[in-house]
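K.L.:
Sequence first, then the predicted structure:
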Amino acid sequence: MNVKSRFTKNNTLAMKGIAISFLLFYHCFSKKSRMGGMYVDFAPLSREAAMMISRCMVQCVGLFAFLSVYGLTRSVKKKYQSYEFSGREGTMFVLERYLHLVLFFTIPFFFCMGVTFLTDTSSYAKGLVSTLVSIVMDFFCVGHLFGTQVLISTWWYLSLEVLLIVFLPFVLRFYRKYSWLIVLMFLLPGSFLIEKHVHLTKYLFVMPLAVCFADQDVLERIRDFVIVRNKWMNKILKFAIETIVMCALFMFWYSKWGRNHFEFVLNGLIPVAVICWSYEFLINLPVIREILQFMGKHSANVFYIHSFIRAKWIGNFVYSFGHAFLIWFVLMASSIVISIFLEGIKKAVRFERLSGKITDRILGWADKMLWCVSRNDV
């Protein structure tokens with residue numbers, strides 16, 4: 001397949017732009033309690049329809065998880081073409097990706113921590129020891145994983161990101177031997193063994209799908225698939241089919257029966273359907289492409305920050321704009337402004353260079369330790 005036709009980094013940024021837009025809509029309008037008693041106009045949609053759509057946008061979690069695993073798989077494949085790596089190399093990969101996650105969370109973390117304590121809007125429990133432990137666990141992105149208090153509930157996703165990074169070498173080794181069988185390996189046990197409605201496990205089905213899609217260029221194959229020879233008729237048919245499938249999956253997930261019995265599989269299939277549809281029909285459109293890529297570029301910082309703006313710092317101001325689109329726009333714009341400010345701080349202190357040195361030091365030390373352990377085992 002032509003490299004130029006692949007799902008690129010810019011495509012990933014655009015999809016992250018969609019995912020972060022979903023996240024803000026979900027957090028702003030999925031429940032009446034999230035609106036703080038403020039009046040919100042959803043015209044031209046009814047209030048009930050708009051809130052239903054907003055609840056469905058929780059699938060942003062699956063979108064972020066899929067894109068993360070997809071990108072990591074591509075990175076591993078560049079270095080290890082057939083996914084042949086030793087335990088030592090796998091460990092170093094996990095450590096490198098984990099350090100990248102923590103280090104690039106550092107500046108947003110301290111910014112949010114500082115503003116929260118200055119405005120006295122901290123949600124940590126009283127008590128010095130418990131607060132310090134919670135801060136440390138939050139900083140290392142494992143607060144939700146170990147059940148300590150998190151400064152803002154949105155940060156639970158960082159623990160899922162850690163799980164995805166740690167599990168990936170095992171998933172890739174299994175995939176190397178059994179290929180698509182890995183999908184069944186996750187699907188069958190996940191559907192009845194994994195506890196329902198648990199954040200850290202209910203989105204894991206995206207992992208084998210993302211690995212298979214990244215390795216076998218499935219997104220590109222679906223995009224290039226031809227139903228009929230006529231170009232425009234083919235596009236119309238594919239648009240109709242993919243739209244119907246995507247909407248059907250959302251409706252099935254929204255039903256109580258569907259979530260009770262098939263939540264695990266739907267949390268994997270829906271993100272895939274959204275990405276396939278968006279890749280072919282949305283994210284390459286002029287203007288929309290640039291807007292989505294810009295939002296995607298700042299999506300990580302917006303993710304870290306927006307819940308503080310909405311729920312702790314200036315929530316009344318955000319909801320005072322009345323209309324749902326304006327509320328979403330003000331929240332997105334204010335989050336991006338802060339993101340630009342934080343990126344400016346990173347450039348001023350040469351953060352990428354500093355984080356690179358820290359990463360190299362830690363990886364060098366870890367590599368020596370692993371070498372010594374493996375030598376002693378021999």
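P.N.:
That came in fine, so what should we check first?
K.L.:
Only C-alpha atoms from now on, for both contacts and neighbour counts.
P.N.:
Fine.
K.L.:
For the helix or strand where S191 lies, give me every contacting residue.
P.N.:
Using DSSP states H and E, S191 maps to helix 181-192. Helix 181-192 is contacted from outside by 171, 174-175, 204-205, 208-209, 262, 264-265, using C-alpha atoms under 8 Å, 6 or more residues apart in numbering.
K.L.:
Could you list the buried residues of the longest helix that the chain contains?
P.N.:
In the chain, taking DSSP state H as the definition, the longest helix is helix 87-118. Buried residues in helix 87-118, defined by neighbour count with 16 or more other C-alpha atoms under 10 Å: 90-99, 101-105, 107-109, 112, 116.
K.L.:
just checking, next helix/strand downstream of that helix?
P.N.:
helix 128-139.
K.L.:
Which strands or helices does the next helix or strand after that next one pack on?
P.N.:
Going down the chain from helix 128-139, the next helix or strand is helix 143-146, by DSSP H and E. Judged by 3 or more C-alpha pairs under 8 Å, 6 or more residues apart in numbering; DSSP states H and E, helix 143-146 is in contact with helix 156-178.
K.L.:
In terms of secondary structure, what does the helix it packs on contact?
P.N.:
Counting by 3+ C-alpha pairs under 8 Å, 6+ apart, helix 156-178 packs on helix 60-79, helix 87-118, helix 143-146, helix 181-192, helix 199-202, helix 206-216.
K.L.:
Give me the angle between the longest helix of the chain and helix 60-79.
P.N.:
Angle, helix 87-118 to helix 60-79, by axes from the mean of the first three to the mean of the last three C-alpha atoms, to 10 degrees: 140 degrees.
K.L.:
ok so, going back, what is the nearest of the contacts of helix 181-192 to E48?
P.N.:
Distance to E48, by C-alpha to C-alpha, is smallest for F262 among these, at 24.1 Å.
K.L.:
Of all the helices and strands packed on helix 156-178, which one comes closest to V318?
P.N.:
helix 87-118 (17.4 Å).
K.L.:
hang on, the earlier thing: state the mean pLDDT of the longest helix of the chain.
P.N.:
Averaged over helix 87-118, pLDDT sits at 94.
K.L.:
Next one, pLDDT for the closest residue in space to L145 that isn't next to it in sequence please.
P.N.:
Of all residues beyond its chain neighbours, the one nearest L145 is S159 (5.4 Å), with distances taken as C-alpha to C-alpha, 6 or more residues apart in numbering. pLDDT recorded at S159 is 96.
K.L.:
Run a quick neighbour tally on S159.
P.N.:
By other C-alpha atoms under 10 Å, 20 other residues sit near S159.
K.L.:
any idea how far it is from V136?
P.N.:
Noted for S159: a distance of 13 Å to V136, by C-alpha to C-alpha, to the nearest Å.
K.L.:
where does the stretch 151-300 of the chain dip in pLDDT?
P.N.:
Low-confidence segments of the stretch 151-300 of the chain (pLDDT under 70): 193-197.
K.L.:
wait, M38 sits on S320?
P.N.:
Yes - between M38 and S320 there is a contact under C-alpha atoms under 8 Å: 7.5 Å.
K.L.:
How about stretch 134-143, which residues are buried there?
P.N.:
Judged by neighbour count using 16+ other C-alpha under 10 Å, the buried positions of stretch 134-143 are 134-135, 137-143.
K.L.:
which outside residues touch stretch 160-172?
P.N.:
Residues from elsewhere that reach stretch 160-172, judged by C-alpha under 8 Å, 6+ apart: 65, 69, 73, 83, 90, 94, 97-98, 141-142, 145, 182, 199-200, 207-208, 211.
K.L.:
Name the residues of that stretch that come out as buried.
P.N.:
Of all the residues in stretch 160-172, those buried under the rule 16+ other C-alpha under 10 Å are 160-166, 168-169, 171-172.
K.L.:
okay, among those, which ones form the most distant pair?
P.N.:
Distance extremes for those: the farthest pair is L160 and L172 at 17.8 Å, using C-alpha to C-alpha.
K.L.:
so which of the helices and strands packed on helix 156-178 gets nearest N301?
P.N.:
Minimum separation from N301 across the helices and strands packed on helix 156-178 (C-alpha to C-alpha) falls at helix 87-118, 6.7 Å.
K.L.:
Could you list every helix and strand in contact with the closest one?
P.N.:
Here helix 87-118 is seen to pack against helix 128-139, helix 156-178, helix 299-308, helix 324-348, helix 351-377 when contacts are counted using 3+ C-alpha pairs under 8 Å, 6+ apart.
K.L.:
next one: the second one to chain centre, how far?
P.N.:
Just to be clear, that refers to helix 156-178. On the basis of C-alpha atoms, centre = their mean, to the nearest Å, helix 156-178 sits 14 Å off its chain's mean C-alpha point.
K.L.:
Great, nothing more from me.
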